[in-house]
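S.K.: have a look at this prediction, sequence included:
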Amino acid sequence: MATRVWIGAVRPVAQVTRWLFNGTWENNDNVIVTIGSKSITVVSGSATPATIVDNVVTGLNNSNDPEFEEITWSRSGDYLVGTADEEGVPFTCTLTTTETGGGAADLQRFDGATSSVGVDLTACTGPNFANVAGNWSGATLPIDGDTVIFADSDVSCLYGLDNNAVTPASLYFDASFTGSIGLPVYNENGYYEYRERFLKYGNSGDAANMQVVVGQGEGGGSPRIKLNAGTGQSTVTVLSTGQPETDSEKAFEFIGTHASNEVNVSSGSVGIALHAGSAATVPTLRVGYQTNIESDSSVLCGLGATLTTVIQAGGTLETRSNVTTLTLSGGEHVKAAGTVTTLNANGGVYIHNSTGTVTTIVAASGAEVDFSRDLRTKTVTNFTVNAGSTLKDPHGVVTYTNGIIFNRCRPSDVEWEAAINKTWTQA
């Protein structure tokens, strides 16, 4: 198959969309204009479409909501016309109506219907659209089996992101690409982003394992890469990333629901199902390091992450959902929510800030298991410690269902911060 390189070369054009007010209107019918989660309601004030449009134009142009302020509103005959203020930035606006007194629409219409997203007189386009052929090498969109590369460019890929019918063989976000891919949660103009935020590639119907590589080669990397692999299988390798734009986001964010996904991180800022409402299935997650065991990797798995096997050798990893098997040999792992079935603490620091149960813990020499930071009660069913390990439970918040087993060692061989006024029974 072919190689498609992102070039972002298309000239930006401002979107112009119009809505025809037709049908039969009454003076007190409502016109509801919605962008994202915001709606403005204007009372028709007339039975004449042109006058109604004038009233709507006045209401929209008087709005202080930034979503509406990005558009210049006008009338052309019986049409409401919206013109984007910035070339190359799309908008989506829906008009609906209710009957006098708030009931269902009777005979009033937009473009012959009770609801309409309008008709584009001029479609928005520009250098930031993933679904425009002119923004790719060869002026051709990627197709199944292609190698897709973002490299040697600072041109961002922000719109036209939903391409999940296509599964490339491989997808490279090189360190030399310093633009952004996808949109942030919060738009810089002052509202929560309503447009698609993730670049989408991947479809289970293609029966292919998409290879995703982030941060190879030289360069500062992108501060924002958002990838949605959809239902397709993907193997993700993160070698490095840029610095994230805000503390609440990560430089590379991944979502995708295939049952055989795999994510491997050796360095960089990574989020998996980071934000509310997002979901990712990652049966295998590996977090390591390149040169600095403590700080090379920073990974956060949100509530929507389904994790099975997690292997951590370095960096910081925070998980907020259940983990079946966690093997920790280095770095710091914070369990912020959820349960762990089996924790093999071979090294590093495990911090349990969740009320979720850990079924089995085996702490080897050099490993630290810390329950000191969260004062809510929690349970460890089976707990085995070895000489040289550290156990911190100074507030006595843990119920040890089957006690603590000191494997081939004495309590004095373990650095044990136990709560005061406790009775420990030899068994």
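M.R.: Received it, and whenever you're ready, just let me know what you need.
S.K.: quick one: low-confidence ranges for the stretch 101-250 of the chain?
M.R.: 101 (pLDDT under 70).
S.K.: and if you look at the stretch 301-427 of the chain?
M.R.: Of all residues in the stretch 301-427 of the chain, none has pLDDT under 70.
S.K.: all strands for it, in order.
M.R.: 305-312, 316-319, 323-328, 332-335, 340-345, 349-352, 358-363, 368-370, 378-386, 390-392, 398-400, 404-407, 415-417 (DSSP state E, counting those that start in this stretch).
S.K.: domain parsing for the protein?
M.R.: What automatic domain parsing lists as the domains of the chain is 16-122, 322-427.
S.K.: so can I have a markdown table of the ones you listed showing mean neighbour count?
M.R.: Where C-beta positions appear, they are placed from N, C-alpha and C, glycine not excepted. Putting those into a markdown table (neighbours: other Cβ atoms under 10 Å) gives the following:
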| stretch | mean neighbour count |
| --- | --- |
| domain 16-122 | 17 |
| domain 322-427 | 17 |
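S.K.: sorry, back to before: closest one to Gln15 among the strands of the stretch 301-427 of the chain?
M.R.: strand 305-312 (35.7 Å; Cβ to Cβ).
S.K.: just the angle between that closest one and strand 340-345, please?
M.R.: Relative orientation of strand 305-312 versus strand 340-345 (axes from the mean of the first three to the mean of the last three Cα atoms, to 10 degrees): 20 degrees.
S.K.: now do stretch 269-289, average pLDDT.
M.R.: Stretch 269-289 carries an average pLDDT of 97.
S.K.: picking up where we left off before, for the strands of the stretch 301-427 of the chain, give me CSV that also has distance to Asn187.
M.R.: As requested, the strands of the stretch 301-427 of the chain are arranged in CSV below (distance: least, Cβ to Cβ, whole Å):
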stretch, distance to Asn187
strand 305-312, 25
strand 316-319, 26
strand 323-328, 34
strand 332-335, 30
strand 340-345, 37
strand 349-352, 34
strand 358-363, 40
strand 368-370, 39
strand 378-386, 39
strand 390-392, 43
strand 398-400, 44
strand 404-407, 52
strand 415-417, 47
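S.K.: now do the strands in the stretch 51-200 of the chain.
M.R.: For the stretch 51-200 of the chain, strands defined by DSSP E, counting those that start in this stretch occupy the ranges 71-76, 79-84, 94-98, 108-110, 115-116, 119-122, 147-150, 170-173, 186-187, 191-192, 199-200.
S.K.: which one of the domains of the chain lies nearest to Tyr194?
M.R.: domain 16-122 (2.8 Å).
S.K.: pull the CA atoms of the longest helix that the chain contains into PDB?
M.R.: Longest helix of the chain, by residue count under DSSP state H: helix 49-61. C-alpha atoms of helix 49-61 as PDB (Å, rounded to 0.1, in the frame of the first residue of the first chain):
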ATOM      1  CA  PRO A  49     -40.600  34.800   7.700                       C
ATOM      2  CA  ALA A  50     -38.400  37.700   6.900                       C
ATOM      3  CA  THR A  51     -39.300  39.600  10.000                       C
ATOM      4  CA  ILE A  52     -38.800  36.400  12.100                       C
ATOM      5  CA  VAL A  53     -35.400  36.000  10.700                       C
ATOM      6  CA  ASP A  54     -34.600  39.700  11.600                       C
ATOM      7  CA  ASN A  55     -35.600  39.000  15.100                       C
ATOM      8  CA  VAL A  56     -33.500  35.900  15.300                       C
ATOM      9  CA  VAL A  57     -30.500  37.700  13.800                       C
ATOM     10  CA  THR A  58     -30.900  40.400  16.500                       C
ATOM     11  CA  GLY A  59     -31.100  37.800  19.300                       C
ATOM     12  CA  LEU A  60     -28.000  35.900  18.000                       C
ATOM     13  CA  ASN A  61     -25.800  38.900  17.400                       C
END
